[in-house]
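> Build the 3D model from these lines:
(chains A and B)
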Amino acid sequence: MLPEANIKPSIQVLNSYSDIFDARLMPQFGEQVYIQGVQLSNMERAENDTFQWIRAIATPAHGENRESRSTIILYDKTQGQALFLGIVEPEISLELATLGPAAILAYISSGNAPL
Amino acid sequence: MPQENYEVGRSRFADAIQLLDLQGEVPFQENEIESLLPVVEQEIKIKVFAPTFLKTNEPGFAALPIGETVLSSEAGGTQVRVRVGKTNKAAHVSQLSGVEQPFPYKEFHDPDHFFRTITSIGAPIINMLRKGKKTHAYDFVYSWPAKFFTTTYGVDAKPDPKMPKGFVVPFIETVNAGEMLWKHYRNQGLSIPDDSVMIVSNDAACGLLNHKGAHVGLVDGTGIGEGMALPDKNGIFWIYNTEIGELVSFPLSAYEQQVHTKLSINKRHLETIAGGDNMGEVLDAIIRDMVKQGIIPYNILPEKKFDSKYRSDILANNRKQFHEIFDHFDERDEETWSMLTEIANRLVERAAQALTIAQIALIRAYPQAFPDYEIIFPVEGSNFWKTVGFKDEVERNVNQHLTNHKVRFVETSGSLGAMFAALRYRYQR
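Below is the predicted model:
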């Protein structure tokens, strides 16, 4: 038989970044998730009328270099679009998270995002 | 609440159990599993394999130069995803930046409209790439039926005219998916070098490319798919899309049959029982029937429908969400909650059992793909990983039946596998 319904794994696996912003899913996922090869933890959330954004510790699940650094995920509530910044140094993500969505978008379109 | 009108002396919970039993919404019995196994094995052998789309000497790994980028695009049933990947020191591909967004609509004027929509969603990433080093490797995960073929630039696909999941794109069968994607990326100002590689693939087949030594990869999300690598006589592995969701040997319950008929998902019994979207439909059918019969004492609010998220809510004892769908729902109504829990458990158990049977049958049908004692089994999909206890149930049952193998399910990312395939093809060529 299946285990008791209230047993929850400590890390949840998500398919898509927009799931992190789904209020219905969050009670189950807590604040530590695994998405597409990256583990995210210690999420800090912010929001305005149009966007939500999360700054989190990001740890690659594959490869030799699994050093934890940082990332930002920006969610456009009007379009349902989620933008993943890539793994960056914590001071960069802190600055961008503080400045907000316009700065995050400008950082990506400027070609400064990890490439 | 109609609860008070329920016949004195009758238990709503007992009636719910009786109804589920009567409609065949019950776990498969051990003798039923034993008799299904050879039938499913035979069905897998004769009909579930779709055309080959990729070959590789050793599925999974090869030395690649560090720092090579790949642009990955994915169009599935709901989401468009565009991401950039890069090879790292361990010959893995790491995802860099990415964007994802649901399709804004499902009906398109023509193929140009469809592909322009996909590349427009990728615009933030394309703008970023335009300013960096040119990318020579591209992959496109096209999750609708298509015929895959090799070309001078890699692997492309000719879409089937009929697209499941409600999509309509007139004349889509007249184009090559990979070429069209390139065309619209170029229209956005992306410079694509002439020697670039494009690998179009199906999501089901990509998961295994991401794990060393894996010869099989399963997707269990909204639907079900499975890729498998089989060696030819020269020892070269060819990757096949098994279309395992099409297995029809599994007997359906009355509710599953109702959903199967309603959705016109002909000949997809396994996907009806174990695919996330269909399990949501079956949950809705059962609850509506119980409401109609007065067993569940709440009306379903207009234009509301149960889906797989509600199944997760039930199993996580997350009662708050049910105020949004049941009229005057009482969170303290333990009897109704016990019924919902029983329904969810039965759905999950049937799904886990059906998936278990299919995996055992696949391994038995193709022993040449599994020469080692340990089978690394990459799986992608929320249904498999997010449903509490599901993975453990399938893993335990598979290992109970396979005495000559030890199966270990691991999480995979088909998108990383697809990126890897494109980079690998570029250097193999």
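> sec struct for the closest residue to residue B:353 other than its chain neighbours, please.
Sequence neighbours aside, residue B:28 is the residue nearest to residue B:353 in space, at 4.7 Å (criterion: Cβ to Cβ, 6 or more residues apart in numbering or on different chains). The way it works is simple: take the backbone N, C-alpha and C, and place the C-beta from them, glycine included. Secondary structure for residue B:28, judged by DSSP: H, G, I helix; E, B strand; the rest coil, is coil.
> quick one: residue B:28 and residue B:219, what's the gap?
Residue B:28 sits at a distance of 22 Å from residue B:219 (criterion: Cβ to Cβ, to the nearest Å).
> same deal with residue B:181?
In this structure, residue B:181 lies at 21 Å from residue B:219, with Cβ to Cβ as the measure.
> Okay, strands next: where are they in the chain?
Picking chain A for this. A:12-14, A:33-35, A:38-47, A:51-60, A:69-76, A:81-84 (DSSP state E).
> Actually, chain B is the one I wanted.
B:52-56, B:69-75, B:79-87, B:93-102, B:137-142, B:146-151, B:154-159, B:197-201, B:216-220, B:224-231, B:237-241, B:374-380, B:406-411.
> Show me what the spatially closest residue to residue A:40 that is not a sequence neighbour is bridged to.
Ranked by Cβ to Cβ, 6+ apart and with sequence neighbours excluded, the top spatial neighbour of residue A:40 is residue A:56, at 4.3 Å. When bridges are called by DSSP bridges, residue A:56 pairs up with residue A:71.
> what about residue A:56, neighbour count?
Each residue near residue A:56 was counted by other Cβ atoms under 10 Å in any protein chain shown, and the total is 23.
> can you check residue B:111 too?
Taking other Cβ under 10 Å as the neighbour definition, residue B:111 ends up with a count of 21.
> I figured it was touching residue B:168, is that so?
No - Residue B:111 is not in contact with residue B:168 according to Cβ atoms under 8 Å; the separation is 11.6 Å.
> Residue B:28 and residue B:219: which has the busier surroundings?
When residue B:28 and residue B:219 are compared for neighbours, residue B:219 comes out ahead with 29 against 20, by other Cβ under 10 Å.
> Nearest residue to the more buried one in space, please, no chain neighbours.
Once its chain neighbours are removed from consideration, residue B:219 has its nearest residue in residue B:225; the separation is 4.4 Å (Cβ to Cβ, 6+ apart).
> Dump the strands of chain A to CSV, plus distance to residue B:157 and mean pLDDT.
Formatted as CSV, the strands of chain A follow (distance: least, Cβ to Cβ, whole Å; pLDDT from 0 to 100):
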stretch, distance to residue B:157, mean pLDDT
strand A:12-14, 27, 62
strand A:33-35, 27, 78
strand A:38-47, 28, 88
strand A:51-60, 30, 90
strand A:69-76, 30, 93
strand A:81-84, 26, 92
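> The stretch 51-200 of chain B against chain A: which residues are in contact?
B:69, B:79, B:81, B:83-84, B:86, B:88-90, B:92-102, B:104, B:121, B:124-125, B:127-133 (Cβ under 8 Å from any Cβ of the partner chain).
> can you pull the pLDDT of residue 37?
Defaulting to chain A. Looking at residue A:37, its pLDDT is 71.
> that's the other chain; I wanted chain B
96.
> what about it, distance to residue B:44?
Distance from residue B:37 to residue B:44, by Cβ to Cβ: 11 Å.
> Determine which stretch of the strands of chain A is the most buried.
Per-residue neighbour counts averaged over each of these give the maximum for strand A:81-84, namely a mean of 24 (mean count of other Cβ atoms under 10 Å in any protein chain shown).
> If you average pLDDT per helix and strand, which one of chain B comes out bottom?
Sorting the helices and strands of chain B by mean pLDDT, DSSP states H and E puts strand B:52-56 at the bottom, at a mean of 63.
> So which residues of the stretch 251-400 of chain B form helices?
Remark: helices of the stretch 251-400 of chain B, listed N- to C-terminal, are B:254-262, B:269-274, B:276-292, B:308-315, B:334-365, B:382-386, B:390-401; assignment by DSSP state H, counting those that start in this stretch.
> Please identify the deepest-packed of these.
The densest packing among the helices of the stretch 251-400 of chain B, expressed as mean neighbour count by mean count of other Cβ under 10 Å, is seen in helix B:269-274 with a mean of 27.
> could you say what helices and strands it packs with?
Applying 3 or more Cβ pairs under 8 Å, 6 or more residues apart in numbering or on different chains; DSSP states H and E, one finds that helix B:269-274 contacts strand B:224-231, helix B:254-262, helix B:276-292, helix B:334-365.
> pull the CA atoms of the second one into CSV?
These are the backbone C-alpha positions of helix B:254-262, laid out as CSV (Å, rounded to 0.1, in the frame of the first residue of the first chain):
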residue,chain,number,x,y,z
ALA,B,254,-15.9,2.2,-15.9
TYR,B,255,-14.7,5.8,-15.1
GLU,B,256,-11.5,5.4,-17.1
GLN,B,257,-13.5,4.1,-20.0
GLN,B,258,-15.8,7.1,-19.7
VAL,B,259,-12.8,9.5,-19.9
HIS,B,260,-11.2,7.5,-22.6
THR,B,261,-14.3,7.7,-24.8
LYS,B,262,-15.0,11.4,-23.9
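> ok so, going back, got CSV for the helices and strands packed on helix B:269-274, with mean pLDDT too?
Below are the helices and strands packed on helix B:269-274 laid out as CSV (pLDDT from 0 to 100):
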stretch, mean pLDDT
strand B:224-231, 86
helix B:254-262, 93
helix B:276-292, 95
helix B:334-365, 95
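> Tabulate these (CSV), appending distance to residue B:371.
Converted to CSV, the helices and strands packed on helix B:269-274 look like this (distance: least, Cβ to Cβ, whole Å):
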stretch, distance to residue B:371
strand B:224-231, 9
helix B:254-262, 36
helix B:276-292, 32
helix B:334-365, 12
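> So which of these is nearest residue A:47?
helix B:276-292 (28.6 Å; Cβ to Cβ).
> Briefly note if that closest one comes near chain A.
No - when contact is scored as Cβ under 8 Å from any Cβ, no part of helix B:276-292 falls within range of chain A; the minimum is 10.1 Å.
> tell me the angle of that helix relative to helix B:254-262?
Between the axes of helix B:276-292 and helix B:254-262, defined by axes from the mean of the first three to the mean of the last three Cα atoms, to 10 degrees, the angle is 120 degrees.
> from the middle of its chain, how far away would helix B:276-292 be?
20 Å (Cα atoms, centre = their mean, to the nearest Å).
> do stretch B:28-42 as well
For stretch B:28-42, the distance to the chain centre is 23 Å (Cα atoms, centre = their mean).
> What residues sit buried inside it?
Burial within stretch B:28-42, assessed by neighbour count using 16 or more other Cβ atoms under 10 Å in any protein chain shown, is assigned to B:28, B:33, B:36-37, B:40-41.
> same deal with stretch B:171-182?
Counting neighbours by 16+ other Cβ under 10 Å, one finds that the buried residues in stretch B:171-182 are B:172, B:175-178, B:180-182.
> between those, which is closest to chain A?
residue B:181 (19.0 Å; Cβ to the nearest Cβ).
> Angles on the backbone of the nearest residue to residue B:113 once chain neighbours are set aside, please.
With sequence-adjacent residues excluded and distances taken as Cβ to Cβ, 6+ apart, residue B:113 is closest to residue B:169, at 7.7 Å. Dihedral pair for residue B:169: phi -140, psi 100, per degrees, to the nearest 10.
> Enumerate every residue touching residue B:169.
B:108, B:110-111, B:113-114, B:159, B:163 (Cβ atoms under 8 Å, 6 or more residues apart in numbering or on different chains).
> Which of these has the largest number of neighbours?
Ranked by neighbours (other Cβ under 10 Å), the contacts of residue B:169 are led by residue B:114, which has 25 neighbours.
> thought that residue was touching residue B:105?
No - in this structure, residue B:114 sits apart from residue B:105 without contact. The criterion is Cβ under 8 Å, and the distance is 10.2 Å.
> chain center to stretch B:368-381, what's the gap?
The chain centroid and the centroid of stretch B:368-381 are separated by 18 Å under Cα atoms, centre = their mean.
> For that stretch, what does the pLDDT average out to?
Stretch B:368-381 shows an average pLDDT of 90 in the prediction.
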